[in-house]
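*Asks:* What would the 3D arrangement of this be:
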Amino acid sequence: MTDSQTYYHGTKADLKVGDLIGPGYASNYGKRKQAAFVYLSATLDAATWGAELAVGSGRGRIYIVEPTGSIEDDPNLTNKKFPGNPTKSYRSRDPFRIIGEVMDWTGHSPEQLKEMHDNLEKLKQRGIEAIEE
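*Replies:* Residues are numbered from 1 along each chain as shown. The predicted structure follows:
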């Protein structure tokens, strides 16, 4: 791929450079059904949310990734919550290759995390999935 954009993927999975992150695993969100897509962002903030909100007991991790195929705007955020794509969030049916890890990142405040968890819980109670595929 000739795109020089840096992409990130936030998770709690313990992976290493060269590993592939692909669809087909249980989603980190909603009812945890099998994910048809894998998600990435061109902003560190969006990846930070991914690392903080992912299920699992491990620490949050943010990987620098490169797509192995085409990517598209993430319709869960673009135009649904934010006009256009200000979060620079994308998805793909093709895996991403890990090319590095961001070791020195700062998480959101406890207040911001609580607010996000509360909002996600409200959506869940209303039967709204955080991610629609």
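
*Asks:* what sits up against whichever strand or helix holds residue 90?
*Replies:* Using DSSP states H and E, residue 90 maps to strand 89-92. Contact with strand 89-92 is made by 7, 23, 37-43, 46, 67, 69-74, 76-78, as judged by CB atoms under 8 Å, 6 or more residues apart in numbering. C-betas here are computed from N, CA, C, even on glycine.

*Asks:* Neighbouring strands - and their directions - for it?
*Replies:* strand 38-41 (antiparallel), strand 72-73 (antiparallel) (DSSP bridges).

*Asks:* if you look at the contacts of strand 89-92, which of them are in helices?
*Replies:* residue 46 (DSSP state H).

*Asks:* Just the buried residues of the contacts of strand 89-92.
*Replies:* Buried members of these, scored by 16 or more other CB atoms under 10 Å, are 7, 23, 37-42, 46, 67, 71, 74, 76-78.

*Asks:* re earlier: export the helix or strand just after the strand holding residue 90 as PDB, just CAs?
*Replies:* Next in sequence after strand 89-92, counting helices and strands by DSSP H and E, comes strand 96-102. Once non-C-alpha atoms are left out, strand 96-102 reads as follows in PDB (Å, rounded to 0.1, in the frame of the first residue of the first chain):
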ATOM      1  CA  PHE A  96      -4.000  -5.100   9.400                       C
ATOM      2  CA  ARG A  97      -0.400  -5.900   9.900                       C
ATOM      3  CA  ILE A  98       1.200  -4.600  13.200                       C
ATOM      4  CA  ILE A  99       4.300  -2.600  12.400                       C
ATOM      5  CA  GLY A 100       4.800  -1.100  15.800                       C
ATOM      6  CA  GLU A 101       3.300  -0.200  19.200                       C
ATOM      7  CA  VAL A 102       2.700   3.200  20.800                       C
END
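
*Asks:* Partner strands of strand 96-102 and their direction?
*Replies:* Using DSSP bridges, the strands paired with strand 96-102 are strand 20-21 (antiparallel), strand 61-67 (antiparallel).
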